[in-house]
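**Q** with the input below, show me the fold.
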Amino acid sequence: MPEANVFLKSFIKRFNRRFAIPPRESQKAWRRVPKELDLNRIISFLYRTVVDYDNTVCLGGLIMDIPPGPYRRSYAREKVEVRKPLDGSWRIYHRDQLIAKHPSTSLNEPVRVLRRRKNHARGAKDYNWVYLDSAPPVNGNQLIQRTL
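**A** As a prediction, the model looks like this:
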């Protein structure tokens with residue numbers, strides 16, 4: 001290991017002398033984030049689901065109510081995006097419009113489980129990560145499972 005580290009130091013110097021090219025422009029490449037960009041929506045866990053007939057979304061055992069839309073519109077059977085930003089809260093979007101918010105739940109470490117699929121090839125093991133979110137206790141300590 002020490003011999004490899006000595007070799008790497010000399011190799012990297014020789015490699016950079018041979019292949020390094022100075023930049024055409026030395027300006028910074030970063031840009032400011034536009035004000036209209038919703039970072040909480042972009043940097044979040046995404047779950048696609050369908051709204052139930054009672055205007056709720058159920059993920060695992062967590063049930064989130066959706067208030068009626070314009071003109072008392074129901075979102076029943078509509079496809080929605082449920083997002084969990086890094087602050088732990090829940091947001092529900094329908095066609096790029098925020099329609100509901102839900103308070104945060106804690107996020108525990110993921111657990112590896114096998115993915116369930118029909119017509120799965122024998123011997124193939126596709127793994128999926130499941131997060132166990134704690135919910136308000138019902139009959140003691142209840143955990144809610146959601147897949148990524």
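**Q** what's the burial count for residue 46?
**A** 12 (other CB atoms under 10 Å). The way it works is simple: take the backbone N, C-alpha and C, and place the C-beta from them, glycine included.
**Q** for the residue most central in space within the chain, identify the helix or strand it belongs to.
**A** Central residue of the chain (CA atoms, centre = their mean): residue 45, 1.8 Å from the mean position. Assigned by DSSP states H and E, residue 45 belongs to strand 44-50.
**Q** list the buried residues for that strand?
**A** Applying a neighbour-count criterion of 16 or more other CB atoms under 10 Å, one finds 44, 47 buried in strand 44-50.
**Q** partner strands of it and their direction?
**A** Strands that pair with strand 44-50, judged by DSSP bridges, come out as strand 79-85 (antiparallel).
**Q** let me see the mean pLDDT of the strand it pairs with.
**A** Mean pLDDT, strand 79-85: 93.
**Q** swap in stretch 57-68?
**A** On average, stretch 57-68 scores 87.
**Q** report the buried residues of it.
**A** 57, 59, 60, 62, 64, 66.
**Q** which pair of those residues spans the longest distance?
**A** Farthest-apart pair in the buried residues of stretch 57-68 is 60 and 66; separation 17.0 Å (CB to CB).
**Q** identify the residues contacting the nearest residue to residue 46 once chain neighbours are set aside.
**A** Spatial nearest neighbour of residue 46, chain neighbours left out: residue 83 (5.7 Å); criterion: CB to CB, 6 or more residues apart in numbering. Residues in contact with residue 83 (CB atoms under 8 Å, 6 or more residues apart in numbering) are 40, 41, 44, 45, 46, 47, 90, 91, 92, 93.
**Q** just the closest of those residues to residue 1, please.
**A** residue 45 (39.1 Å).
**Q** what residues are up against the residue nearest to the closest one when sequence neighbours are not counted?
**A** Leaving aside its sequence neighbours, residue 45 sits nearest to residue 84 (CB to CB, 6+ apart; 4.4 Å). By CB under 8 Å, 6+ apart, the residues touching residue 84 are 44, 45, 47, 90, 91, 107.
**Q** one more: residue 56?
**A** Here residue 56 is in contact with 63, 64, 65, 66 (criterion: CB under 8 Å, 6+ apart).
**Q** rerun that using 6 Å as the cut-off
**A** Contacts here follow CB atoms under 6 Å, 6 or more residues apart in numbering; on that basis residue 56 touches 63, 65.
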